[in-house]
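In: Predicted model and sequence below, questions to follow.
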Amino acid sequence: VNAPKIASLEPRTGPTGGLTRVVIEGENFMKGASVRFGGEPSKSVVVKSSTRIEAVTPPVKSAGLVDVEVRAAETGPGVAPKAFRYEAMLAPVITSVSPNRGKIDGGTELTVEGKNFADGCAVLVAGAPVKTKKISGSVLEAYTPEGDDGKLVDVGVKNPDGQTAVQKRAFQYDARYRA
């Protein structure tokens, strides 16, 4: 059984946050093969045929060229050195958080506006991630967790590559607000 050989990748670049769908063409690809980008495993690998694999890039810490590896249990890996370039993502920026106050039992719908909100980003309320819905690259919706009356908390946005924007004391819990 021959080791996999990688002939081409399309596209050859993507953001450090991952989630780029890459088509890998070559030969000797086997069902159940795994794919690594810069040593990090792809969590989504579909072996379409012995000559074609679709894989989604994992997030990585830093930008730059990485090796791409296709590996099957029965064979050694096929490696394409420096075949994929991770490009630095811009850090998120928050321009507004609204409303700026809400009920203590949680569930206040926050709208966070700004820029560079990557796919898979999360809104943080008082440092903890909350369920986040990305409306666009500049608008996110999230719901506050419960909090103490009068407490001011930071609201942040964290991209998958770890870059985070924080608006200090952006939301205040207020017992006068009712569900």
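Out: Looks like it arrived, so ask away. Residues are numbered from 1 along each chain as shown.
In: For Ser42, see how far away the residue positioned nearest the centre of the chain is.
Out: Nearest residue to the geometric centre of the chain (Cα atoms, centre = their mean): Pro160, 3.5 Å. Distance, Pro160 to Ser42, using Cβ to Cβ, to the nearest Å: 14 Å. Where you see a C-beta, it was placed from the backbone N, CA and C, and this is true even at glycine.
In: Do you know the pLDDT at the residue nearest to the centre of the chain?
Out: For Pro160, the pLDDT comes out at 80.
In: Quick check: phi and psi on it?
Out: Dihedral pair for Pro160: phi -60, psi -20, per degrees, to the nearest 10.
In: what about the closest residue to Asn2 other than its chain neighbours, neighbour count?
Out: Counting by Cβ to Cβ, 6 or more residues apart in numbering, Asn28 is the residue found nearest to Asn2 once chain neighbours are left out, at 4.6 Å. Neighbours of Asn28 under the rule other Cβ atoms under 10 Å: 17.
In: Could you pull up the residues touching Gly114?
Out: Pro92, Val93, Ile94, Thr95, Ser96, Ser138, Val157, Ala165 (Cβ atoms under 8 Å, 6 or more residues apart in numbering).
In: Identify each buried residue in the helix or strand harbouring the fourth one, please.
Out: Taking DSSP states H and E as the definition, one finds Thr95 inside strand 93-98. For strand 93-98, the buried set under the neighbour-count rule, 16 or more other Cβ atoms under 10 Å, comprises Ile94, Val97.
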